[in-house]
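Undergrad: 3D, please:
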Amino acid sequence: NNINMPPGYYRWEMTAQNPPTRKQDPSLWTFGTYLAASDYPTTPVLDKELQAVGFRIDNMMRDARLTALTQVQRAATNRNDRPGKSNQLIFQFSLNIRPLANQILIL
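TA: Presented below is the predicted three-dimensional model:
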């Protein structure tokens, strides 16, 4: 497209909530940069979209968020928020119950 987004640091927010009931079928999540996110999906796409397969939801999670990073942490984790570039995102969350054993946790 011919709409340019000037280079720089951008902040984004994603509003989400747990579904009211369990979801046994995974859905498809679409991430992208749009001219007017409030007009999605009819708004022009500014950067290549990414689609990721969702997952089954059995129980509600107590808390989840993207971790805020310092500039030193951003550099150490190769964080790169420029359009079209690979990026490293760090998520944090709280489980409803403590795992029974010290083992690899599969979410």
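Undergrad: Can you show me the strands along this protein?
TA: Assigned by DSSP state E, the strands in the chain fall at 28-34, 45-53, 63-66, 91-94.
Undergrad: of all the ones you listed, which lies closest to Arg82?
TA: Comparing the strands of the chain against Arg82 with CB to CB, the closest turns out to be strand 45-53 (9.5 Å). (C-beta placed from N, C-alpha, C; glycine too.)
Undergrad: For that closest one, buried residues please.
TA: By 16 or more other CB atoms under 10 Å, strand 45-53 has no buried positions at all.
Undergrad: With Pro6 as the reference, name the closest of the strands of the chain.
TA: Smallest distance to Pro6 across those (CB to CB): 10.9 Å, for strand 45-53.
Undergrad: what helices or strands is the closest one leaning on?
TA: Here strand 45-53 touches strand 28-34, going by 3 or more CB pairs under 8 Å, 6 or more residues apart in numbering; DSSP states H and E.
Undergrad: Format the CA atom coordinates belonging to the strand it packs on as PDB.
TA: C-alpha atoms of strand 28-34 as PDB (Å, rounded to 0.1, in the frame of the first residue of the first chain):
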ATOM      1  CA  LEU A  28      -7.300 -17.900  14.800                       C
ATOM      2  CA  TRP A  29      -5.700 -14.700  16.100                       C
ATOM      3  CA  THR A  30      -4.700 -12.000  13.600                       C
ATOM      4  CA  PHE A  31      -2.100  -9.400  14.600                       C
ATOM      5  CA  GLY A  32      -1.200  -6.400  12.400                       C
ATOM      6  CA  THR A  33      -0.700  -2.700  12.100                       C
ATOM      7  CA  TYR A  34      -3.800  -0.900  10.800                       C
END
